[in-house]
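1. I would like to see how this sequence folds:
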Amino acid sequence: MAEAGNTTENGTGNTAANGSGDTRAARGGIHVTNTGGNVTIGDHNTVTSTVHGTPPARDPQQEELLQAVRRLRTDLGGVVPTEQTAALDTELSDTEDEIEGTGRADAGRLTRLRRALTDAGAVTGILASGVAVGQAVGALLGG
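-> Got it, this is the predicted structure:
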């Protein structure tokens, strides 16, 4: 039990000072069970959480869009950045995240992506990957 934030009992009946520099830390182990999450003990720790499971199911059109989005993002790395290409990359990134997270990009996301493609038209019109994203978005939005 903590006493006024100065000492902590670790289950052995011994106490250790919290942040006081006292090195008389209690001997004995710490036993953690059934956390249902990540646990870190001690100073200067890093916790990495890896979730294993089944990714959301994607229909073939969403998968096609995802692959086209990834190709276009790669291709945009080779062009001179502009305000329009930066905005397009942001929309592409958000679309990729949405498809990865939920299995699909909703109509609002697709509409914003279409607008960003149009705004960056000078670049996307000459990139095959830009045309592919435009076609995939058109197919999902119905035109």
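
2. Pull out the buried residues from the lengthiest helix in the chain.
-> Looking across the chain with DSSP state H, the single longest helix is helix 83-102. By 16 or more other Cβ atoms under 10 Å, the buried positions in helix 83-102 come out as 84, 85, 88, 89, 91, 92, 94, 95, 96, 98, 99. Yep, even glycine has a C-beta here, placed from its N, CA and C like the rest.

3. so what's the last one closest to, chain neighbours aside?
-> Among residues not flanking residue 99 along the chain, residue 66 sits closest, at 4.7 Å (Cβ to Cβ, 6 or more residues apart in numbering).

4. OK, contacts around that neighbour?
-> 58, 96, 99, 100 (Cβ atoms under 8 Å, 6 or more residues apart in numbering).

5. Check residue 59 too.
-> residue 104.

6. follow-up on the earlier one: ok, so of the contacts of residue 66, who is nearest residue 73?
-> Closest approach between those and residue 73, by Cβ to Cβ: residue 96, at 7.3 Å.

7. how close does that closest one sit to residue 129?
-> 13 Å (Cβ to Cβ, to the nearest Å).

8. any idea of the mean pLDDT in the helix or strand encompassing residue 123?
-> For residue 123, the element it lies in under DSSP states H and E is helix 121-124. Per-residue pLDDT values across helix 121-124 average out to 89.

9. Stretch 89-104 now?
-> Mean predicted confidence for stretch 89-104 is 95.

10. Do you know the pLDDT at the nearest residue to residue 72 once chain neighbours are set aside?
-> Of all residues not flanking residue 72 in the chain, residue 129 sits nearest, at 4.0 Å (Cβ to Cβ, 6+ apart). The model reports residue 129 with a pLDDT of 95.

11. With the one 4 residues further on instead?
-> In the predicted model, residue 133 carries a pLDDT score of 96.

12. Tell me the spacing between it and residue 90.
-> Counting by Cβ to Cβ - residue 133 and residue 90 are separated by 14 Å.

13. Residue 69 now?
-> Residue 69 is 12 Å from residue 90, by Cβ to Cβ.

14. residues near residue 140, how many?
-> 21 (other Cβ atoms under 10 Å).

15. ok, it - contacts?
-> Here residue 140 is in contact with 61, 62, 65, 105, 110 (Cβ under 8 Å, 6+ apart).
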